[in-house]
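A.B. asks: prediction below, plus the sequence it came from.
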Amino acid sequence: MIDVILDEKGRLWSRLSGGQPISPAEAFSSLTPGTDQQFRLYLVRCTGGNRLEPLPLRAGTTTMELVALVHDIEGDLSVSIGGDTAVASGKGLGELAQSLQAGLNSLTTIHTAGGVRVHVSGWRGLDVAYEVTGDQTAITADVSALRPIPDGTITTPVAGDGSTREVQRILLGEKTLATITGWSTISTRDTYEFTQAGDANAAALYEISLADPIPAAGSFTLDLGGTVTDPIPLHYGAKNVQTVIDSAWGADLFTVRKPYPYTWRLQRTAVGALTTPTADVGGVEFHPGISATVDLSSAANFAQTAGSHLHLRAIIRTDLTGQGDSEVFRADFRIPSEKLES
């Protein structure tokens with residue numbers, strides 16, 4: 001399970017409550033190519049310190065792409081137009097650009113159109129720029145003989161017309177490994193109970209945490225051997241919870257601490273075994289996140305040619321307003337070579 005907790009500034013967080021900003025590498029540290037990976041996604045707004053306010057995610061309008069960023073590309077690139085094909089060979093985008101320009105300009109279709117110049121477009125790919133104005137026939141690209149194999153998508157950043165020279169771009173800097181669209185809403189969860197059992201030499205310690213996902217409203221109850229407390233509101237501090245359990249179970253049985261928001265620790269005041277308290281959270285409304293499982297077998301195949309590390313980008317698009325406008329969040333991270341070999 002990978003929890004992706006992303007704020008409106010693009011920072012990732014270690015946990016929903018009482019957490020700290022972390023690097024993308026830490027957030028995605030358990031991602032393993034070749035396995036089915038379950039994600040839970042939360043978008044939040046930082047309201048000061050480490051206090052996070054969840055933003056309303058809509059499962060049906062949220063996607064997350066896992067994209068590999070392609071480095072050190074080499075091999076053969078076939079580009080076709082009007083039934084003619086040019087094959088460019090080289091190591092790196094610079095060599096491919098020079099080879100492709102020579103190959104395209106030798107084609108009758110390109111020569112008739114006035115010729116082209118091919119140059120590197122950042123790290124993402126190659127721009128085929130026509131020398132004369134006007135609308136041009138779309139090129140196609142076969143990238144199957146390149147290593148690593150990129151998407152090879154064709155875009156037209158500049159459309160040609162009577163006064164404009166057209167530019168078509170072959171995207172070689174990315175490989176889409178997975179696109180997650182089938183999200184399910186997370187609305188409830190089981191309580192997490194940390195238990196240190198008591199014995200003749202140690203006092204029992206119990207932790208009840210409702211911090212994942214962050215609860216929105218309501219109350220819960222605690223049960224000790226069939227004796228149930230009054231409802232405990234979420235905002236109660238340690239002193240208030242102490243009063244409630246003393247009333248239900250007797251004074252001086254536990255001392256209560258609240259180390260994190262929505263987390264309470266019950267320390268037994270004496271050594272010895274004791275029945276474990278349980279929590280009923282049926283009265284708690286949780287802020288929803290969304291979850292999905294994705295097959296990362298394609299990531300394993302790509303990793304075989306990725307070299308010393310796999311450089312990935314998570315691109316999250318979601319409609320926060322319900323008005324059909326997508327907000328876009330990005331996080332880059334790397335998977336080291338030792339994990340690719342496992």
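C.D. replies: Looks like it arrived, so ask away.
A.B. asks: give me the neighbour count for Asp7.
C.D. replies: 19 (other CB atoms under 10 Å). Any C-beta I mention is one placed from the backbone N, CA and C, and that applies to glycine too.
A.B. asks: what confidence value was assigned to it?
C.D. replies: As predicted, Asp7 sits at a pLDDT of 84.
A.B. asks: please apply the same query to Glu174.
C.D. replies: With respect to pLDDT, Glu174 scores 86.
A.B. asks: those strands in the stretch 201-342 of the chain, which residues are they?
C.D. replies: 203-209, 215-224, 227-228, 232-233, 254-260, 263-271, 278-280, 284-286, 289-295, 309-318, 327-336 (DSSP state E, counting those that start in this stretch).
A.B. asks: and of those, who's closest to Ala86?
C.D. replies: strand 309-318 (29.3 Å; CB to CB).
A.B. asks: run through the residues that contact the spatially closest residue to Gly237 that is not a sequence neighbour.
C.D. replies: Distances taken as CB to CB, 6 or more residues apart in numbering put Lys258 closest to Gly237, at 5.6 Å, once the chain neighbours are dropped. Contacts for Lys258 (CB atoms under 8 Å, 6 or more residues apart in numbering) come out as 237-238, 241, 264-265.
A.B. asks: and which of the residues you listed is nearest Ala197?
C.D. replies: In terms of CB to CB, no member of the contacts of Lys258 lies closer to Ala197 than Arg265, at 14.7 Å.
A.B. asks: any idea how far Asp84 is from the closest one?
C.D. replies: For Arg265, the distance to Asp84 equals 73 Å [CB to CB, to the nearest Å].
A.B. asks: between the two, which has more neighbouring residues?
C.D. replies: Arg265 (19 against 15).
A.B. asks: beta partners for that one?
C.D. replies: Glu207, Arg257 (DSSP bridges).
A.B. asks: residues in contact with it?
C.D. replies: 194, 205-207, 256-259.
A.B. asks: same list (those residues) but as CSV, adding pLDDT and distance to Gln136.
C.D. replies: Output for those, formatted as CSV (pLDDT from 0 to 100; distance: CB to CB, whole Å):
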residue, pLDDT, distance to Gln136
Phe194, 69, 65
Leu205, 90, 72
Tyr206, 90, 71
Glu207, 88, 66
Val256, 95, 73
Arg257, 94, 70
Lys258, 92, 67
Pro259, 86, 65
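A.B. asks: who wins for most neighbours among those?
C.D. replies: Neighbour-wise, those (other CB under 10 Å) top out at Tyr206, 23 neighbours.
A.B. asks: quick one on the thing from earlier: who wins on neighbours among the contacts of Lys258?
C.D. replies: Trp264 (24 neighbours).
A.B. asks: now for it: which residues touch it?
C.D. replies: 207-209, 238, 241, 256-258.
A.B. asks: pLDDT-wise, which helix or strand of the chain ranks last?
C.D. replies: helix 337-340 (a mean of 58; mean pLDDT, DSSP states H and E).
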